[in-house]
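**Student:** no FASTA, just this:
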């Protein structure tokens, strides 16, 4: 198989891989490293401080995390990356603005949708879908795309070998995530209270809205409960927190596009007690690697049943369906299909390129 | 002279020309019409409802004014426009995102800086300046560019024939503009109060921050004063408001990049009493078409002297230095220079193209 010259454009906000928070950066890191190890000429456009087996082009000396979300900053990042489009067979873009540039260029562009489809971005996604190859990160996310928009589903993955494993269940419940209403921290507290089990919260509270929600809605509910809070601990400590839990709570309040927390937890052997929403039913195998619930009361009962689940099954599910290695292979397969499609066409410079689903892609992660 | 195939990309927020507020849209309208009249094949990318002598490509059926500033909406607009880059000799972009796309393309792109240079956008403008031809709308604005960034100065223009003229001075002072601290509405009120002259305020107060500033800082100061307020009146009425004034107040509190209000006022014969800031000294000829002041007290005295100024000189200044016709000619000259520069180069596809100043451009609007 021939090697490909691949550009991977990461968001600029955090290092790749992230030193703390940064789900997209984690997934991008696995992808860039995995493709490089498979012999491809991979160039990663990311912030300085990134560590990668690809060739790194640092568009900022330091990640501009304090300016998170600034379109001006993202524009600078994109400008630097797309300067070099002529050097690549294919560009895989994980940013918001990048695909808008890429759509105009005579080079195939793959764009992963990392966020939800909203009323505001539906039309833009529809337009992008005519011009670049979209990747959805779950079947559920794909089902929310505007009519006529095609995307290939490639689930996120992690490297199970990087996660500690424990066969016997721990004795506390874990909540891990940003403090905002969508992630359900209030519901997690209520589940732990009703179950009468200790709760460990591994949280991110450093943005304005997160702080406000924490002070107004979350912190007041902790009084009198057995709750420990850790704010963005080092990765090692976070992994131990997963491993030593009885179950991870995922009382998600919105249609989560993927939910890395679920596979991180399962990778350590810890089952997930999740609300039925978004990608949950295709990530958690209900009754095997976790328990899918309709609400707080049901989840509080499920918490006690979590210790009956086989923690080896949790880990195995990640190894089989949500590994970084599988994610890399699927992307490689998709890239080759996109390039083959382009070569077949008269005037390969004429976009759009669309493929759906990725020919030959194995869909191994359907709900149990 | 050969005709050129020119794309003009307007912002999507208002129709071109605007039915009410919309300075950029007014300037773009004159440019597109003027170039089309000179025989060029001009395509205008703008919102629906626009009226132009160019070929209109309406990216939205209705101007998405309610979503003003949404990057997602601007991205949709840009995506549609840049789909067709191969059809043009040159693209002149007036949006924020467009030049980021254009910078990557093998077509010459001209980008007009319509706003101020800020701490946030300095680095982006620096990067853009290496890749596209920048146009500054005043010498002052150009002087604020980051070191090493080149731009050609082309002042905004209006069509004097579209403005009513009156030779004898009116008897009230006029403030015309958005209600925000930068435009100095509070200072305008104070100038009128001290001068003991009536004030007419033609204002835009429909955005959240404008409303808040109006309620908190402006409206309370009107009590007991002879002030009339008109909120976004029809264009005809606005033009009469200019024409019938003694002087227009422009107590600008920030380095205004250009300030259309000044030339609109002068086009009707009404001199401008302005604070020394930004482009003011190169737009108003001090002591001839207006009086440039250091503060409120000085401006209140100047108000009475405004009737001594020759209103024909005001109009003449616009005809000579700030006409749409001149603006069109200078752009045509710049485009030809950019194309000639591109053709001279080995590999015309290799940007950056930079020109400074536009060869042959006449700088007829230096301060008196």
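**Tutor:** Yep, that arrived. Just so we're clear, the structure is a prediction, and the values are computed from it rather than from any experiment.

**Student:** Any figure for the gap between residue A:260 and residue A:238?
**Tutor:** As for residue A:260, its distance to residue A:238 is 12 Å (criterion: C-beta to C-beta, to the nearest Å). Backbone N, C-alpha and C define where each C-beta goes, glycine included.

**Student:** quick one: which of those two has more around it?
**Tutor:** residue A:260 (20 against 17; other C-beta atoms under 10 Å in any protein chain shown).

**Student:** hang on, that one packs against residue A:22?
**Tutor:** No: in this structure, residue A:260 is not within contact of residue A:22 by C-beta atoms under 8 Å, at 10.1 Å.

**Student:** burial of the residue of the stretch 101-250 of chain A found nearest chain B, as a residue count?
**Tutor:** Scanning the stretch 101-250 of chain A for proximity to chain B using C-beta to the nearest C-beta identifies residue A:104 as nearest, at 4.1 Å. By the criterion of other C-beta under 10 Å, residue A:104 has 24 neighbours.

**Student:** Just the pLDDT for it.
**Tutor:** Note on residue A:104: pLDDT of 96.

**Student:** Can you show me the helices along chain A?
**Tutor:** For chain A, the helices defined by DSSP state H occupy A:23-37, A:71-82, A:98-102, A:122-129, A:139-143, A:185-195, A:208-213, A:235-243, A:260-267, A:280-283, A:296-305, A:311-321, A:324-344.

**Student:** Mean neighbour count, those: which tops it?
**Tutor:** Sort those by mean neighbour count, taking mean count of other C-beta atoms under 10 Å in any protein chain shown, and helix A:98-102 sits at the top with a mean of 29.

**Student:** Identify the residues contacting that helix?
**Tutor:** Outside of helix A:98-102, the residues that reach it under the criterion C-beta atoms under 8 Å, 6 or more residues apart in numbering or on different chains are A:9, A:78, A:81-82, A:85, A:91, A:93, A:109, A:111, A:128, A:131-132, B:75, B:78-79, B:97, B:100-101, B:104.

**Student:** change it to 6 Å
**Tutor:** A:9, A:78, A:82, A:91, A:93, A:109, A:111, A:128, A:132, B:75, B:78-79, B:101, B:104 (C-beta atoms under 6 Å, 6 or more residues apart in numbering or on different chains).

**Student:** One more: stretch A:156-175?
**Tutor:** Contacting residues not belonging to stretch A:156-175 are listed as A:27, A:137, A:188, A:192, A:197-201, A:239, A:241, A:243-249, A:258, A:260, A:263, A:267-269, A:303, A:307, A:311, A:315, A:318-319, A:322-324, A:326-327 [C-beta under 6 Å, 6+ apart].

**Student:** Can you give the distance of that stretch from its chain's centre?
**Tutor:** In terms of C-alpha atoms, centre = their mean, to the nearest Å, the centre of stretch A:156-175 is set 17 Å apart from its chain centre.

**Student:** likewise stretch A:153-167?
**Tutor:** Between the mean C-alpha position of stretch A:153-167 and that of its chain there is a distance of 12 Å (C-alpha atoms, centre = their mean).

**Student:** Kindly check the end-to-end length of that stretch for me.
**Tutor:** This stretch, stretch A:153-167, spans 31 Å end to end (C-alpha to C-alpha, to the nearest Å).

**Student:** Report the buried residues of it.
**Tutor:** Residues of stretch A:153-167 classed as buried by neighbour count (16 or more other C-beta atoms under 10 Å in any protein chain shown): A:153-160, A:163, A:166.

**Student:** Out of the residues you listed, list just those in strands.
**Tutor:** Among these, the ones falling in strands (DSSP state E) are residue A:153.

**Student:** Would you reformat the buried residues of stretch A:153-167 as TSV and include pLDDT?
**Tutor:** Formatted as TSV, the entries for those read as follows, by pLDDT from 0 to 100:
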residue	pLDDT
A:153	98
A:154	98
A:155	98
A:156	98
A:157	97
A:158	97
A:159	96
A:160	97
A:163	97
A:166	96
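
**Student:** Look up the closest residue to residue A:76, ignoring the ones flanking it.
**Tutor:** Counting by C-beta to C-beta, 6 or more residues apart in numbering or on different chains, the nearest residue to residue A:76 once its immediate chain neighbours are dropped is residue B:124, at 4.9 Å.

**Student:** So which bits of the stretch 201-350 of chain A are right by chain B?
**Tutor:** By the criterion of C-beta under 6 Å from any C-beta of the partner chain, no position of the stretch 201-350 of chain A is found lying close to chain B.

**Student:** Can you list the low-confidence ranges for the stretch 201-350 of chain A?
**Tutor:** Residues of the stretch 201-350 of chain A that meet the criterion pLDDT under 70 lie in A:345-350.

**Student:** Now with 50, please.
**Tutor:** A:346, A:348-350 (pLDDT under 50).

**Student:** got the residues of the stretch 1-150 of chain A near chain B?
**Tutor:** Residues of the stretch 1-150 of chain A lying close to chain B (C-beta under 6 Å from any C-beta) are A:71-72, A:75-76, A:78-79, A:82, A:100-101, A:103-104, A:120-121, A:123-124, A:127.

**Student:** Please identify which pair of those lies farthest apart.
**Tutor:** Longest distance between any two of the residues of the stretch 1-150 of chain A next to chain B is 25.7 Å, between A:76 and A:123; criterion C-beta to C-beta.

**Student:** who's in contact with residue A:335?
**Tutor:** By C-beta under 6 Å, 6+ apart, the contact set of residue A:335 is A:4, A:90.

**Student:** Could you check how far it is from chain B?
**Tutor:** Spatial separation of residue A:335 from chain B under the definition C-beta to the nearest C-beta, to the nearest Å is 20 Å.

**Student:** rewinding a little: dump the helices of chain A to CSV, plus distance to residue A:14.
**Tutor:** What follows is the helices of chain A, written out as CSV (distance: least, C-beta to C-beta, whole Å):
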stretch, distance to residue A:14
helix A:23-37, 5
helix A:71-82, 12
helix A:98-102, 16
helix A:122-129, 24
helix A:139-143, 22
helix A:185-195, 22
helix A:208-213, 16
helix A:235-243, 13
helix A:260-267, 14
helix A:280-283, 23
helix A:296-305, 31
helix A:311-321, 23
helix A:324-344, 18
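
**Student:** Leaving out chain neighbours, which residue sits closest to residue A:74?
**Tutor:** The shortest distance from residue A:74 to any residue that is not its chain neighbour, by C-beta to C-beta, 6+ apart, is 5.1 Å, and that residue is residue A:97.

**Student:** so what's the one you found scoring on pLDDT?
**Tutor:** The predicted local confidence for residue A:97 comes out at a pLDDT of 95.

**Student:** Domains in chain A, by residue range?
**Tutor:** For chain A, automatic domain parsing gives the domain ranges A:5-157+A:324-344, A:161-321.

**Student:** where's the shortest one relative to the chain centroid, distance-wise?
**Tutor:** A distance of 16 Å separates the centroid of the chain from that of domain A:161-321, by C-alpha atoms, centre = their mean.

**Student:** go on, stretch A:43-56?
**Tutor:** Centre-to-centre, stretch A:43-56 and its host chain are 19 Å apart (C-alpha atoms, centre = their mean).

**Student:** Equivalent analysis for stretch A:29-48, please.
**Tutor:** Taking the mean C-alpha point of stretch A:29-48 and that of its whole chain, the gap between them comes to 17 Å (C-alpha atoms, centre = their mean).

**Student:** Show me what that stretch is in contact with.
**Tutor:** Residues outside stretch A:29-48 that contact it (C-beta under 6 Å, 6+ apart): A:3-10, A:12, A:15-17, A:52-63, A:81, A:324, A:328.

**Student:** List buried members of the residues you listed by neighbour count.
**Tutor:** Of the members of those, the ones counted as buried by neighbours, 16+ other C-beta under 10 Å, are A:4, A:6-10, A:12, A:15-17, A:52, A:54, A:56-60, A:63, A:81, A:324, A:328.

**Student:** from those, which ones fall inside strands?
**Tutor:** In strands, defined here by DSSP E, the members of the buried ones among the contacts of stretch A:29-48 are A:6-9, A:56-58.

**Student:** what sits against the closest residue to residue A:248 other than its chain neighbours?
**Tutor:** Nearest residue to residue A:248 in three dimensions, chain neighbours excluded: residue A:265, at 3.8 Å (C-beta to C-beta, 6+ apart). Residue A:265 sits next to A:242, A:248, A:272 when contact means C-beta under 6 Å, 6+ apart.
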